[in-house]
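Novice: can't give you the sequence, but here's the structure:
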């Protein structure tokens, strides 16, 4: 799970069936927790990579070459600092998934409708509680 594998792929790698892993999960609840934790780690790693890509990142690239110097093979290492500029698509993905409260969405009208429905249901619950107190 940590490497982004599905449960089916994990089963295949272990040489067991999905039925078997499901039986183990029922018998050993801690297995469910471990699988979930592995999934969470993989998702966090992807979120971190996406965040770096959204902001832009400076990184070091190392090139190793072997050259012949006076008949002797010598290893040369060249380090270069490079800059990956911010990626607009990564910015959009992050904002749409992490900042809906401020209107970032593929469908802002749907988001506003969901907010209104939530407020409506909350008010209905409040009125229901208030109405029950008067009976």
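Specialist: Perfect, thanks for sending it. Please read these numbers as outputs of a predicted model, since none were measured by experiment.

Novice: what kind of secondary structure is the residue nearest the centre of the chain in?
Specialist: Centroid-nearest residue in the chain: residue 43, 3.3 Å away (criterion: Cα atoms, centre = their mean). Here residue 43 is helix, with the state taken from DSSP: H, G, I helix; E, B strand; the rest coil.

Novice: and the gap between it and residue 4?
Specialist: Distance check for residue 43 against residue 4: by Cβ to Cβ, to the nearest Å, it reads 9 Å. All C-beta spots, glycine's among them, are computed from the backbone N, C-alpha and C.

Novice: Next: residue 40.
Specialist: Residue 40 sits 12 Å away from residue 4, taking Cβ to Cβ as the criterion.

Novice: what does residue 127 give?
Specialist: Distance, residue 127 to residue 4, by Cβ to Cβ: 47 Å.

Novice: And the two? Which one has more around it.
Specialist: residue 4 (13 against 10; other Cβ atoms under 10 Å).

Novice: wait, isn't that one in contact with residue 42?
Specialist: Yes. Residue 4 lies in contact with residue 42 (Cβ atoms under 8 Å); the separation is 4.9 Å.

Novice: Helices of the protein, residue ranges please.
Specialist: Counting by DSSP state H, one finds helices in the chain at the ranges 7-14, 18-27, 29-55, 88-98, 108-133.

Novice: how about those in a markdown table, adding distance to residue 77 and mean pLDDT?
Specialist: Output for the helices of the chain, formatted as a markdown table (distance: least, Cβ to Cβ, whole Å; pLDDT from 0 to 100):
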| stretch | distance to residue 77 | mean pLDDT |
| --- | --- | --- |
| helix 7-14 | 37 | 89 |
| helix 18-27 | 46 | 93 |
| helix 29-55 | 25 | 90 |
| helix 88-98 | 31 | 85 |
| helix 108-133 | 51 | 80 |
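
Novice: Thank you kindly, that will do.
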